[in-house]
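S.K.: when you get a sec, could you give me coordinates for this:
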Amino acid sequence: MPLVRFLADGFFVLSHPPEEKGGKNEMIIVMERFALSAEIEQVSERLKDRGFQVHLSQGVQRTIIGAIGEGIQENMDSFLVLPGVEKIVPIVQPFKLASREFKAEPTIIKAGSTTIGDGSIQIIAGPCAVESREKYLEIAALVKESGATMLRGGAFKPRTSPYSFQGLEQEGLEILAEARELTGLPVITEVMDPRMVDLVAEYADVLQVGARNMQNYFLLRELGRIDKPIMLKRGPSATIEEWIMAAEYIISSGNSQVILCERGIRTFEKYTRNTLDLSAVPLIKQLTHLPIIVDPSHGTGKWKLVEPMALAAIGAGCDGLMIEVHQNPSEALSDGPQSLTPDNFRKLVSKVCNIQGILNISRDGE
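M.R.: Now for the predicted structure:
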């Protein structure tokens, strides 16, 4: 059973005791280069007969078959004599389908006309919340003009106080869809309730799981059944392993289109809203095949820190940024202190492009 671990700041996280961190039976079967479909099918059926869940990862040259679960492990060497099998490799990480062992190539995700994880930098921008149709359509046009490649905005807003602005709900979703039609940019918005998944998926190109819901396993499983990209934000007190395991819930439920988002964690530091953990970016790249976005707005809580941390995130190797932008941050209904003005956002995008150009030149020269 999961353990509930309470922290001094009032947050809690769910963790698994050592014996639950994956069984000893999980493994991958690496097929030979250009193995036939019939050979792959034969191996898959044998694994299912032994009680394993079977997950295929079909790369450019090889197919990897993941055998997940408490299947019968005896005489697994017998698979080595099957046609098309190259080798059997145990999966040592507690996360299986998100691991580099299961899939060596980076996962590339399409969201509308935008591609995430292909080496380009995507810039997701917009206000924290959709406040009104007029305001949102105005800011959507402004951020597109400045170089944003996706639009953000909350229709459902989880707030600490029940008396704070909670979002426009379905009206907000309709405004987001209208902004997509006007700008041509895909939209991302948060889903908070398993019962709302189909409604949000009807309007959004990417569904966001907020930090508070990172370990809402019922929601994660529900998101695993839809064919839409999911952005999973790191919980405020979550370890990197717990964060990846949350992604594993979505992937194991049938949806491999997962984007991770580092948005800062809760530490003892009080000068910033959170502590932006940029070491997570290269670690996620090493441990998983999933793309990772960085949110320096929530990561710092102060607009003056957004630009330097955004540029540092690019240097760390992230696949994109999520930036809060508002026409008049002092009048924003939520997260005004961490929102950039359109002019400051335009300057940030220019610097991001310059750094990305330098990094591309450096990589090409290696």
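S.K.: next one: the longest helix anywhere in the chain to chain centre, how far?
M.R.: Criterion DSSP state H: the longest helix present in the chain is helix 342-365. Offset of helix 342-365 from its chain centre (C-alpha atoms, centre = their mean, to the nearest Å): 22 Å.
S.K.: could you check how far residue 297 is from residue 178?
M.R.: 24 Å (C-beta to C-beta, to the nearest Å). Just so you know, the C-beta spots here come from the backbone N, C-alpha and C atoms, and that holds for glycine as well.
S.K.: more neighbours, these two?
M.R.: For residue 297 versus residue 178, neighbours defined as other C-beta atoms under 10 Å are more numerous around residue 297 (30 against 16).
S.K.: the more buried one contacts residue 322, correct?
M.R.: Yes. The pair residue 297 and residue 322 qualifies as a contact (C-beta atoms under 8 Å) at a distance of 7.0 Å.
S.K.: picking that back up, show me what counts as buried in the longest helix of the chain.
M.R.: By 16 or more other C-beta atoms under 10 Å, the buried positions in helix 342-365 come out as 342, 344-346, 348-349, 352.
S.K.: same question for stretch 321-339.
M.R.: Applying 16+ other C-beta under 10 Å to stretch 321-339 flags 321-326, 329, 332-336, 338-339 as buried.
S.K.: picking up where we left off before, between the buried residues of helix 342-365, which is nearest residue 252?
M.R.: Nearest to residue 252 among these is residue 352, at 34.2 Å by C-beta to C-beta.
S.K.: in terms of pLDDT, where does that closest one sit?
M.R.: Residue 352 is assigned a predicted lDDT (pLDDT) of 96.
S.K.: repeat that for the one 10 residues further on.
M.R.: The predicted local distance difference test score for residue 362 is 58.
S.K.: circling back: take the buried residues of stretch 321-339 and keep only those in strands.
M.R.: Among the buried residues of stretch 321-339, the members found in strands (DSSP state E) are 321-324.
S.K.: rewinding a little: what's in contact with the longest helix of the chain?
M.R.: 121, 123, 125, 139, 142-143, 146-148, 303, 306-307, 310-311, 314-315, 321, 323, 325, 327, 340 (C-beta atoms under 8 Å, 6 or more residues apart in numbering).
S.K.: go through these and flag which are in strands.
M.R.: 123, 125, 321, 323.
S.K.: so the third one sits against residue 296, correct?
M.R.: So that's residue 321. Yes. Counting by C-beta under 8 Å, residue 296 is a contact partner of residue 321 at 6.9 Å.
S.K.: what's the overlap in contacts for these two?
M.R.: Common neighbours of residue 321 and residue 296 (C-beta under 8 Å, 6+ apart) are 310, 313.
S.K.: quick one, helices of this protein?
M.R.: 37-49, 133-146, 170-183, 197-203, 217-223, 240-252, 280-287, 296-300, 303-316, 342-365.
S.K.: residue 96 is nearest to which of those?
M.R.: Across the helices of the chain, closest to residue 96 is helix 240-252 (C-beta to C-beta), at 6.7 Å.
S.K.: what comes up buried for stretch 191-202?
M.R.: 191-192, 194, 196-197, 199-201.
S.K.: what does stretch 302-316 give?
M.R.: 303, 305-307, 309-314, 316.
S.K.: ok, so of those, who is nearest residue 54?
M.R.: residue 316 (35.1 Å).
S.K.: how about the residue nearest to residue 326 when sequence neighbours are not counted, what does it touch?
M.R.: Spatial nearest neighbour of residue 326, chain neighbours left out: residue 339 (4.1 Å); criterion: C-beta to C-beta, 6 or more residues apart in numbering. The neighbours of residue 339, taking C-beta under 8 Å, 6+ apart as the test, are 127-128, 297, 303, 324-326, 329, 332.
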